[in-house]
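Participant: Quick check, what structure comes out for this input:
(one chain, ligands or ions: 1)
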Amino acid sequence: MKIQTVGAIPSRRGQVEYFTGTVWADLIVNPVAPARLQAARVSFEPNARTAWHTHPLGQTLHVISGVGCVQLWGDTPRLIRPGDSVWIAPGEKHWHGATANSGMVHIAMHETLDGNYADWMEYVSDEQYAQAASGQ
Ligand code: MN
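Facilitator: Residues are numbered from 1 along each chain as shown. The predicted model follows:
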């Protein structure tokens, strides 16, 4: 057993290659083989979002606070709120983040495949984001 006390692992800024705007990630689970589950609490400021990406083994998002948005490639953007859980299937191209008027915090849970949990693509453009986040 190992207890990870709050603050023991410093908060990390979301990497600029993968996120637009200010995003903070706090690691909850960092898997030690043979375990593969990784989890993080991710905090998005208003207008902040991931780039488009896929997950090799899928991902579950659980919203803790604020109002967020999630969108599959070619599909209608959906607003997500505290208590909502979202399953992203393996290989589904998508993004998630805050809305324009509200930040959003979610717990992201995903299994790693050969140490990798995501394959990153292009940014969500301001035009794509404005269309998605206007639904709130
Ligand atoms: Mn994702």
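
Participant: And the strand or helix carrying Ala39, what does it pack against?
Facilitator: Assigned by DSSP states H and E, Ala39 falls within strand 37-44. On a contact count with 3 or more C-beta pairs under 8 Å, 6 or more residues apart in numbering; DSSP states H and E, strand 37-44 meets strand 23-29, strand 104-111. Heads up, the C-betas are built off the backbone N, CA and C, glycines and all.

Participant: now it, how far from the centre of its chain.
Facilitator: 7 Å (C-alpha atoms, centre = their mean, to the nearest Å).

Participant: list the buried ones in stretch 52-61?
Facilitator: Buried residues in stretch 52-61, counted by 16 or more other C-beta atoms under 10 Å: Trp52, His53, Thr54, His55, Pro56, Gly58, Gln59, Leu61.

Participant: can you put those residues in JSON lines and add secondary structure and distance to Ala89?
Facilitator: Below are these laid out as JSON lines (DSSP: H, G, I helix; E, B strand; the rest coil; distance: C-beta to C-beta, whole Å):
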{"residue": "Trp52", "secondary structure": "coil", "distance to Ala89": "15"}
{"residue": "His53", "secondary structure": "strand", "distance to Ala89": "13"}
{"residue": "Thr54", "secondary structure": "strand", "distance to Ala89": "9"}
{"residue": "His55", "secondary structure": "coil", "distance to Ala89": "9"}
{"residue": "Pro56", "secondary structure": "coil", "distance to Ala89": "11"}
{"residue": "Gly58", "secondary structure": "coil", "distance to Ala89": "5"}
{"residue": "Gln59", "secondary structure": "strand", "distance to Ala89": "9"}
{"residue": "Leu61", "secondary structure": "strand", "distance to Ala89": "13"}
